[in-house]
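**Q** with the sequence up front, the predicted model follows.
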Amino acid sequence: MSIQRYLSKVYRNFVVRKVIRGIGIIFATSTLTFFIIRLMPSNPIEIFINQMMSAYGMSYQDAKALALALFTIDLDKPLHEQYIEYLVNLLQGNIGRSIAISPGTPVMEVVSTFLPWTLFSVSVSLLASFALGVTLGMIAAYRRGGIFDKVISAVAAVTSAIPGYLIGILIIVFIGVQFGLINYMRGAYSAGLKPGFTPEFIADVFLHLAAPFATYVLSTFGGWMLSMKASTLSVLGEDYVTVARAKGLPEGRIRTQYVGRNAILPLFTSLTISLGFIFGGSVLIENVFVYRGVGRLLWSSINARDYTVMQAVFLIITISVIVSNIIADLLYGLIDPRIRVGG
């Protein structure tokens, strides 16, 4: 077999095609990110100089000398040289060192201190929101036209239209302030509490998670609920559901194996893509509650123009979304027997 025929056969493999396309997307996204963030007004050195001049009354020259001594980036290099250096380092697995957030610290060390909190908070909230939305959507479809359907559909439509950060602010004002719970709505855990796998620390972490969790669920469950309701109503009109009922199959079996399993398929892809975005956190919600997550890290890096941290976060999000899409395509064929992934 010739090399050309062998490569052609390999490329026809579904997973190989997806991986190759994914690598192309990662390269394109990394390139766009590199140039776009450098089009932002100012740069990390200028921001640091302004902070030193306003906070400590330093002269411009002294502040600039201190910035050049602290920061490892050379912005005086031509942009194409910076880009080539970035690509070479990226191919070697070197994402770089933080410029402003934690000067000199490897970016992955910085991200790794925030990532576990984001994975914990957003994944729990997303799965709870999905489960709640799917359950309520299916119930509303079976009780279409009734009081439950009208009320829950109206609530879902309203909460979906309200931005998550606004719901978070309302929770802080009407629950945190009114009931004296504001201390449990700031940060990932109480100040002065030593982290560890102790009952006290774990309970405190869940108390601090409650407000961001409620905010995320309230702002997202409506979309899942309305989508599941529409999908269920569509499946209920299919011939195979009518035939199943004509055969006298138990309603519970029809609801789960015939209706629910097929109705949830359109939502499955959306869920897997959302799982990929978990790594990016929820920027606005984490900032409202000062929650220690990747979203807040990204916001801080944007304000400080920490190019390397921004590049790392966007790279992680891109890779996680691509991987989640590949997993979704592979699992889709297992969930729906009518679909088979070629290879």
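**A** In hand now; what should we look at?
**Q** can you give me the neighbour number for G24?
**A** Neighbours of G24 under the rule other CB atoms under 10 Å: 10. In short, each C-beta sits where N, CA and C put it, glycine included.
**Q** show me what whichever strand or helix holds it is packed up against.
**A** Assignment of secondary structure by DSSP states H and E places G24 within helix 14-37. In this structure, helix 14-37 makes packing contacts with helix 3-11, helix 79-91, helix 307-335, judged by 3 or more CB pairs under 8 Å, 6 or more residues apart in numbering; DSSP states H and E.
**Q** for the last one, name the packing helices and strands.
**A** Packing partners of helix 307-335 (3+ CB pairs under 8 Å, 6+ apart): helix 14-37, helix 107-142, helix 265-276, helix 294-304.
**Q** buried set for that helix?
**A** Across helix 307-335, burial judged by 16 or more other CB atoms under 10 Å covers 307-326, 328-329, 332.
**Q** how far does the helix holding G24 sit from the chain's center?
**A** From the chain centre to the centre of helix 14-37 is a distance of 18 Å (CA atoms, centre = their mean, to the nearest Å).
**Q** and the next helix or strand past it?
**A** Downstream of helix 14-37, the first helix or strand assigned by DSSP H and E is helix 44-56.
**Q** pull out the buried positions in that following helix.
**A** For helix 44-56, a neighbour-count test (16+ other CB under 10 Å) marks P44, I45, I47, F48, I49, M52 as buried.
**Q** mean confidence (pLDDT) on whatever helix or strand comes next after it, please.
**A** Using DSSP H and E, the helix or strand that follows helix 44-56 towards the C-terminus is helix 60-70. What helix 60-70 shows for mean pLDDT is 81.
**Q** give me the helices and strands touching helix 60-70, please.
**A** Going by 3+ CB pairs under 8 Å, 6+ apart, helix 60-70 lies up against helix 44-56.
**Q** contact partners of the helix it packs on?
**A** Helix 44-56 is contacted from outside by 58-60, 62-64, 66-68, 70-71, 73, 75, 99-100, 304-307, using CB atoms under 8 Å, 6 or more residues apart in numbering.
**Q** so who does the residue nearest to S123 when sequence neighbours are not counted touch?
**A** Spatial nearest neighbour of S123, chain neighbours left out: I278 (5.4 Å); criterion: CB to CB, 6 or more residues apart in numbering. Counting by CB under 8 Å, 6+ apart, I278 makes contact with T118, L119, V122, S123, L126, S320.
**Q** excluding its backbone neighbours, what's nearest the second one?
**A** Going back to what we said before, that points to L119. In space, and not counting its chain neighbours, L119 is closest to I278: 6.3 Å by CB to CB, 6+ apart.
**Q** helix/strand/coil for that neighbour?
**A** Secondary structure for I278, judged by DSSP: H, G, I helix; E, B strand; the rest coil, is helix.
**Q** distance of it from R292?
**A** Distance of I278 to R292, given as CB to CB, to the nearest Å: 15 Å.
**Q** ditto for V321
**A** According to CB to CB, V321 and R292 sit 23 Å apart.
**Q** thinking again about what came up before, worst average pLDDT in the helices and strands packed on helix 307-335?
**A** Out of the helices and strands packed on helix 307-335, helix 265-276 stands lowest, with a mean of 84 (criterion: mean pLDDT).
**Q** ok and it relative to helix 107-142, angle-wise?
**A** Helix 265-276 runs at 160 degrees relative to helix 107-142, counting by axes from the mean of the first three to the mean of the last three CA atoms, to 10 degrees.
**Q** name the residues that touch the helix or strand that helix 265-276 is followed by?
**A** Downstream of helix 265-276, the next assigned helix or strand under DSSP H and E is helix 283-288. When contacts are defined by CB under 8 Å, 6+ apart, helix 283-288 is touched by residues 118, 163-165, 168-169, 172, 212, 215-216, 291-293, 295-296, 298-299.
**Q** coming back round to it: confidence score at the residue nearest to S123?
**A** pLDDT for I278: 84.
**Q** so it versus V15, what's the distance?
**A** In this view, I278 and V15 are 22 Å apart by CB to CB.
**Q** and the nearest residue in space to T33 that is not next to it in sequence, what pLDDT?
**A** Leaving aside its chain neighbours, T33 sits nearest to F314 (4.7 Å; criterion: CB to CB, 6+ apart). pLDDT for F314: 92.
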